[in-house]
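**Student:** coords below, sequence missing:
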């Protein structure tokens, strides 16, 4: 049994094994529809319990299909229905019940401590479906998408992030150290990564640079990533923040500083950080990116169960 909480805690060789398995499984499903089960049904009889404390579309759908295609089932819990949020039941006691009823637990949470506490008390694997500080399943899937489209290892590419310093960027930074790719971050000075992330970059991110000019961040990029400037439950002065990011809007002019075959990725939902001219262009691979979540999360589940082939 293995947890999947943060990329920085997982050996690079294991992350690569997940991607290799996902590639094989995606290829094997070419003639199957979404609800048909993979050959051998490796997770037959397994129950994935999901709980979402924050809104979700892609993560909810992709984990549902992931466990379904592996032969298992899923049950989605609402936090407002549990004693954990209303009746004062402890995380420890809740974890024991989850461990008795299910075989794995996927949590999208608004509290990093809660994720760590569940990891401590569960006797089944826990998967981080998004937390305030990271979004590991998204970024591992994005590495898969980049390598699939570019047909080369991500270590041979120049990756740029233009936008807010949030949980998705934190996981992209961790991925840069695991897969050894060049990462350029473009953001306003007052919205750069926090001190903990900066220290992590200084310690392990020898291929990571931060720019306060979006043109410099985009220059020579093979891939440009972005995310919503105003994130879920973002407790900031929204007007002030949007104003700070105005010159970081991803448009055709900014994309022109990247390589001609540069692709644009966004974990969705989108906001004002990218205009339609880019988002709806041939360079945008966001729908491809979203669908790949299913394939990679299948392999993450198998990793957690110790069943990677």
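**Tutor:** Looks like it arrived, so ask away. It should be emphasised that the depicted structure is a prediction, and the values quoted were computed from it without experimental measurement.
**Student:** give the buried residues for stretch 178-189.
**Tutor:** Neighbour counts using 16 or more other C-beta atoms under 10 Å place 178-179, 181-188 of stretch 178-189 among the buried residues. No exception for glycine: its C-beta is placed from N, CA and C like everyone else's.
**Student:** quick one: it to chain centroid distance?
**Tutor:** On the basis of C-alpha atoms, centre = their mean, to the nearest Å, stretch 178-189 is displaced by 16 Å from the centre of the chain it belongs to.
**Student:** likewise for stretch 224-235?
**Tutor:** 13 Å.
**Student:** how about the strands in the stretch 1-150 of the chain?
**Tutor:** For the stretch 1-150 of the chain, strands defined by DSSP state E, counting those that start in this stretch occupy the ranges 47-52, 73-77, 104-108, 126-130.
**Student:** which residues does the last one contact?
**Tutor:** If I follow you right, that is strand 126-130. 3-6, 50, 52, 54, 56, 59, 63, 104-109, 115, 118-119, 134-138, 167, 300-301, 304 (C-beta atoms under 8 Å, 6 or more residues apart in numbering).
**Student:** hang on, residue 222 packs against residue 159?
**Tutor:** Yes: counting by C-beta atoms under 8 Å, residue 222 does reach residue 159; the two are 6.8 Å apart.
**Student:** shared neighbours, those two?
**Tutor:** residue 146.
**Student:** between those two, who's got more neighbours?
**Tutor:** residue 159 (25 against 21; other C-beta atoms under 10 Å).
**Student:** the more buried one belongs to a helix, doesn't it?
**Tutor:** No: counting by DSSP: H, G, I helix; E, B strand; the rest coil, residue 159 is not part of a helix but strand.
**Student:** quick check: the gap between the residue lying closest to residue 188 once chain neighbours are set aside and residue 236.
**Tutor:** Ranked by C-beta to C-beta, 6 or more residues apart in numbering and with sequence neighbours excluded, the top spatial neighbour of residue 188 is residue 244, at 4.5 Å. As for residue 244, its distance to residue 236 is 10 Å (criterion: C-beta to C-beta, to the nearest Å).
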